[in-house]
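**Student:** could you look at this predicted model? Sequence included:
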Amino acid sequence: MTAETLTATRAASTFPVAAGGPAGVLHCAYGVYEKDANAFEDGDIFEMCRIPANCTVVGGFFMADDLDTGTETLDIDIGWAANGVESADPDGFGNLGVLTGDAFAAGNLSAVAGLMYPLQGTLLTDGPQSFSAETVIQLEANAASNAGHTGTMSVVVYYIMQ
């Protein structure tokens, strides 16, 4: 199989992006993708949601079912696509390493089988991340999955308008 780019409904270029309201009011963007039985391939990109121009991301998280069972090999990063102003950073919000759906495994905040990781990356090293143009928040698989493959993936992004 070949790597592909898959787009969740809320990441489609035709989906309206919430950008109104006064500066400093917390907004939320989210995307959900239902993964079918096909294996994750190295290089698969899942466009999850869009955030508006002139916003600053202050937090968020990635949640999913246990997407890889047995001896886990699936490695997914959270980041953003290039937007014409800021460069792409595929792991700007998290280089999560190999994901395990076991409760409270390394970095995983889930108390049950499944995945829950806070956005991190630049948020930990540099603080909130600002964007000048509308931007796609994405997941990228860096290693193929071993087994399992099916389930729901969600990304939630908290931002304020500048």
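**Tutor:** Yes, it's here. Residues are numbered from 1 along each chain as shown.
**Student:** okay, buried residues for stretch 73-91 please.
**Tutor:** Residues of stretch 73-91 classed as buried by neighbour count (16 or more other Cβ atoms under 10 Å): 74-81, 83, 86, 89-91. For glycine as for every other residue, the C-beta is placed from the backbone atoms N, C-alpha and C.
**Student:** for the residues you listed, which one is nearest S145?
**Tutor:** L74 (4.1 Å; Cβ to Cβ).
**Student:** N95 against L124, yeah?
**Tutor:** No. At 10.9 Å, N95 does not count as touching L124 under the criterion of Cβ atoms under 8 Å.
**Student:** who has more neighbours, the two?
**Tutor:** N95 (15 against 11; other Cβ atoms under 10 Å).
**Student:** ramachandran coordinates for the closest residue to that one other than its chain neighbours?
**Tutor:** Closest residue to N95 apart from its sequence neighbours, by Cβ to Cβ, 6 or more residues apart in numbering: D77 at 5.2 Å. Torsion angles at D77 (phi, psi; degrees, to the nearest 10) stand at phi -110, psi 160.
**Student:** so D77 is in contact with L96, correct?
**Tutor:** Yes. D77 lies in contact with L96 (Cβ under 8 Å); the separation is 6.3 Å.
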